[in-house]
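J.: Got a predicted structure plus its sequence, pasted below:
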Amino acid sequence: TPEHGCGLDGLLRSRMNAGHLTGIVNGIDASWDTLIEGGATTEQVVRQWKRRNAAANRKTFALPESRGPLFSIISRLVHQKGIDLSIEAAETIVAAGGQLVVKGQGESRLENAVAHLAKRYPHAVAARIGFDDAEARRLFAASDFLLMPSRFEPCGLSQMYAQRAGALPIAYRTGGLVDTIEDGVSGFLFSSLSAAGLSAAVRRALDAYRSKRAFKLMRGQAMSKRFDWRRPSFHYASVYARALGA
């Protein structure tokens, strides 16, 4: 589209219509398939596992115990990732009794904005500038929801990690996010690229969380999805075969 085509959208559309472009969704490491101890996926085991991780992460990030949902942002803190939209949507989360943990680094103005948000709501928002893979995995495991309102996202990995860890992604309807998140089934998508659009999706997520049955079903659907490299590898082989045949 013209929005992200940088003047090449017409050329790219013509190449696409001629069958000369291919998009292949990424895969994720197999270690995400054994995130839960023993690989067990019964609802009771998952619920207890999520609670333990949430309690541990609240201690790590100095947040008080809460019965409300735990949201997270695990991302580069850059304009592309819609961090400014997430900061505005934090008001909706806090007002509903939820908590938000931000983990990442990037543009200094966004790092400062995130730090300011945490100071404003010390009981509900925590931020840690920097990145540590092990800590990020623990946060995925602890979270109920992941905020990912990327302005553009060729494929994305965090939404896949989140679903495998039982954290429902809330994402803008773009790029690979559309290909890997089923709206209302394994996560939430929104179409209006604005803080209001994201906040509306957050409210949908909060409604699902309040309905234990709906949330349980969605978390089960998310965790049952597979994002391994088997299918992408066949797609790559097919592309190479067509290229060699030509």
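T.: Right, received. Where do you want to start? Numbering: from 1, shown residues only.

J.: I'd like to know which elements the longest helix anywhere in the chain is packed against.
T.: Longest among the helix segments of the chain by residue count, using DSSP state H, is helix 43-60. Using 3 or more Cβ pairs under 8 Å, 6 or more residues apart in numbering; DSSP states H and E, the elements in contact with helix 43-60 are strand 70-74, helix 133-142, helix 212-224. For every residue, glycine as well, the C-beta is placed using N, CA and C.

J.: ok, residues contacting the second one?
T.: For helix 133-142, the surrounding residues in contact (Cβ atoms under 8 Å, 6 or more residues apart in numbering) are 35, 49-50, 53-54, 56-58, 60, 70, 72, 74, 101, 103, 128, 146, 161-162, 165-167.

J.: where do the strands sit along the chain?
T.: 70-74, 99-104, 125-129, 145-148, 168-172, 188-190 (DSSP state E).

J.: Is it possible to get JSON lines of the ones you listed that adds mean neighbour count?
T.: Output for the strands of the chain, formatted as JSON lines (neighbours: other Cβ atoms under 10 Å):
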{"stretch": "strand 70-74", "mean neighbour count": "25"}
{"stretch": "strand 99-104", "mean neighbour count": "25"}
{"stretch": "strand 125-129", "mean neighbour count": "20"}
{"stretch": "strand 145-148", "mean neighbour count": "26"}
{"stretch": "strand 168-172", "mean neighbour count": "26"}
{"stretch": "strand 188-190", "mean neighbour count": "21"}
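
J.: will you turn these into TSV that also has mean pLDDT?
T.: Formatted as TSV, these follow (pLDDT from 0 to 100):
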stretch	mean pLDDT
strand 70-74	98
strand 99-104	98
strand 125-129	97
strand 145-148	98
strand 168-172	98
strand 188-190	98
